[in-house]
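Asks: Generate coordinates for the sequence data below:
(chains A and B)
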Amino acid sequence: MINLDNEHHLPGRFGRILFGLLGAAVLSFGQIHFTEVSEQFQVKGHSYFGGHGVSWVDVNGDGRIDIFVKNAEARGVAAVEDILYINYGSYFVNEAGARGVADAYAYGTHGAVFVDWDKDHDFDLFVSTTYAGITPAHNHLYQNNGNGFFQDITSAILPPQTVDLTTCGVAAADFDKDGDIDFYFSNPLTNPDPFNPLLSPPQSLSNFYMNNGDGTFTAEYRGIDWTGFVQGVTTGDYDGDGYTDIAQSMWGPPSTIYRNDGTGHFRNVGEQIGIPVSEGVFDNGIVWADFDNDGDLDTAIVGEGRIALYRNTGKSYSRYQVIRWTRAISGFQVCFGDFDNDGDLDLYLSGENVYENDGEGYFSLVPTSESGLEDSLSIEDPRGAALADFDNDGDLDIYVTNKDGYNRLFRNDLNNLDWIEAEIVSDPRGHSGSIGAKLDLYRSGHLGEKNSLKGHREITGEYGYLGQDAPAAHFGAPAAGGARYDLRVTFPDGTQKDYTDLTPGQKVLVASISPPLELQGRMIENRALFYRETLIELSWLPNPLNNDVQEYRVYEMNQGQNVLADLPATQFSFTIRNLDKTKAYSFAITTVDSQGLESAPATITVNGGTMVERTGRQGLKKSLKGQL
Amino acid sequence: MKKLVVPLALALLCAGVGWPQQQTRIRLLPDEERYFTVGLLGGFFFLQDEIFKELYGKGAPFFGVEMTLRFPIREPHGLDIGSGARILSKKGQTSYTEEGLSLRLTDLWLSLRYSFDTGRFGLFLGPGVEYVLYKETYDPTFPIDSSNGSQAGMHLTGGGYVHLTSGLSLKGYVKYCLVETDKQGFRVNLGGTEWGVGILYRFYL
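Replies: As a prediction, the model looks like this:
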């Protein structure tokens, strides 16, 4: 009887378990579904509203992504504060005031971008103020002190700002390829008429802060004329020439692309490469992303109740799909992320819904009954949005700002292992985040083969309309069949790092390890009474860009490449003994990190002409005993 | 060192020429006797080589032996033929890596000396030849184990005796050596000034 009862009840229990498993399986096999959790995580924004843009960024280096909300135009509030929500895991707390980035100026903030401009491995903040009749309205630069507390260093390093600005979108990148971060800011004038649908006479105004490399900036005009009100700005290398280009969405003049000529000067090429040229259109956002997984940046322009999708055909753009919606919103922000981890980029329009990519770059609406985004359609005045995996569960979540109501946080409920995320901890120039870096995911064993490309990402700052994703590249990477992947990271300086045989479900911390600095070599005569030994002493300095040095590797380069020694990270000299003083010797030294990644070499050739006579040095004998 | 040797030689010559032949002498040694001495020597050798000074310091102590055969010519004048050996060793450090060094110099010499001997005191001065065997050994961390070789040279020596008994004497001397080698591909000066004392025992022939 007992057995029968058990048998009798088994189908019921198994049925429930099976149902649960099937439900989970449906989600784990790629169904897009979100849950609105802004109340749960306490990230709804100000009660007086004003949400315009959002950046996801880990400001305090605790491994949890924080949220910076850019606020402006709030009702009844003269000086609108921005919000910095610090992520404490199960909840967030607004600490903008305490941490020095409330940036409470009249009318508030539109554009803002987090970037490690000072190469100290934390994210600093360049933030705009939009003029609306109250002086001053200037841009500000806040320096992160390393633990998420900021100092306003605007007056110390930026040129004096003599006019009030109406900056909206901003951009950060190494535009002139000199190894440091420059800034571009839109609307560098006091009182433009944003609603003028006509092209204004071009004004050549200083709208770049070019980094001088010494911690200061110079205001410059670099070819981007002001011809009408600019909304969102983004950066990317659309033509694959290695230089960062700029795109901006505009009110009145057509949204367009400015091509970098390789020196950090720009030329409007929109009409030339097939971007719309119609005037009187009020676009709010522009985005670069690789919709069709072919390794180049396609583009989407949003506004006027439509998203226009353009495919990059190599030398130009071709419009291939227009998405329209029924909701009476203009459309500000469009975000591209692989929400279902199926290997292609899906689309989210702020205040509307998710569109799924068919793999070829064509997007189709996911019904709210599936996506769970009913609440998105109730956002009163949706503005910026951005993506991040804030709960570290392997899928992309969405934060949406709302000018006339509370902001929303949509948590992705996917929770599978079909993903690989790469975060650049340090690039060869020392920047965390590495705006301008390109990351390509390939089928394992086919690194660099275009037909095995599984995803192409470029790290950018602000994009669309005032959105900034977490500075990481999220790839959908299906694990079915034991699939593995190779990742190639191309840093802004063109150097590359490869990560091979990656299993899905992991986050790759990309650290470009930099070579040691100031490598010197001296040929020295070490004397005994009846023997003259010639030795070469190499010395170098640690590279401050590196924060993970395991060892230094010394190579002799005269006949091939032979490893002479692996030295501890605390040793900055090495002596090669018993050499021929008449010969020239070449050496290379690399830095190796804890993952075994090796930097580019620092090299030197030493010959007899540099022979010096040296008397003994304290402690050298001891250090030499472990060497050759 | 030449400043010392030359006046000493002149003083000895003057003393010899001017010594009154008929003077009443107090002698411990028999007149006109040919004799042979053996003795033990010790002292300090100051090498001239600058690298030596850098690596080992100013000089090094030595010990040695000598034999001398004296031929009286016309008392108190005589001629000595001497030979002997000297061994010197010192530890030091290489110039840059400060690794340990050890140097041993073995000096074989032969000299012909004019001597002036009153029977109680004696003076001598004369040239000679040197043959130096050298060996330098190194710490195990040094690229080679050792260097060795030999080199001939010359010397000039002068000094004096105090006769304690008819058979036993004390000796004090200075010797200036000229020895250089370039067999290693660079010049090493093994010369220098040797200051020494000795005790001698005399056999009459």
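Asks: Near chain A, which residues of chain B are found?
Replies: B:49, B:51-52, B:54-56, B:92-99, B:101, B:103, B:134, B:136, B:138, B:141-144, B:147-149, B:184-186, B:188 (Cβ under 8 Å from any Cβ of the partner chain). In this view, the C-beta of every residue, glycine as well, is placed from N, C-alpha and C.
Asks: Show me these that map onto strands.
Replies: With strands taken from DSSP state E, the overlap with the residues of chain B next to chain A comprises B:92, B:93, B:101, B:103, B:134, B:136, B:138, B:147, B:148, B:149, B:188.
Asks: Can you report how many residues lie near the closest residue to the third one other than its chain neighbours?
Replies: The reference is to residue B:101. Closest residue to residue B:101 apart from its sequence neighbours, by Cβ to Cβ, 6 or more residues apart in numbering or on different chains: residue B:92 at 4.4 Å. As a burial measure, residue B:92 scores 21 neighbours (other Cβ atoms under 10 Å in any protein chain shown).
Asks: Output the below-cut-off pLDDT ranges for chain B.
Replies: Along chain B, the parts satisfying pLDDT under 70 run over B:1-32.
Asks: Helices of that one, start to end?
Replies: Taking DSSP state H, the helices of chain B run over residues B:2-18, B:50-56.
Asks: do the stretch 201-350 of chain A as well
Replies: Per DSSP state H, counting those that start in this stretch, the stretch 201-350 of chain A carries no helices over any range.
Asks: before we move on, the earlier item: which pair in the ones in strands among the residues of chain B next to chain A spans the largest distance?
Replies: Greatest spatial distance among these (Cβ to Cβ): B:93 and B:149, at 21.5 Å.
Asks: Look at those two and report which has more neighbours.
Replies: A direct count of neighbours by other Cβ under 10 Å for residue B:93 and residue B:149 places residue B:93 higher, at 17 against 14.
Asks: is the more buried one in a bridge, and if so with what?
Replies: Listed by DSSP bridges, the beta-bridge partners for residue B:93 are residue B:100.
Asks: show me the contacts for residue 148.
Replies: I went with chain A, as the question did not name one. By Cβ atoms under 8 Å, 6 or more residues apart in numbering or on different chains, the contact list for residue A:148 reads A:59, A:60, A:61, A:66, A:86, A:95, A:99, A:122.
Asks: Oops, wrong one, chain B.
Replies: Per Cβ under 8 Å, 6+ apart, neighbours of residue B:148: A:530, B:133, B:134, B:135, B:136.
Asks: Would you format those as TSV with distance to residue A:506 included?
Replies: Below are the contacts of residue B:148 laid out as TSV (distance: Cβ to Cβ, whole Å):
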residue	distance to residue A:506
A:530	62
B:133	72
B:134	68
B:135	65
B:136	61
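Asks: Show me what residue B:35 bridges to in the sheet.
Replies: On the basis of DSSP bridges, residue B:35 is bridged to residue B:70, residue B:204.
Asks: what about the helix or strand where residue A:526 lies and chain B, touching?
Replies: For residue A:526, the host element (DSSP states H and E) is strand A:517-527. Yes. Residues of strand A:517-527 are located near chain B by Cβ under 8 Å from any Cβ, namely A:524, A:525, A:526, A:527.
Asks: Can you say which of these are buried?
Replies: Using 16 or more other Cβ atoms under 10 Å in any protein chain shown as the burial test, those include A:524, A:526, A:527 as buried.
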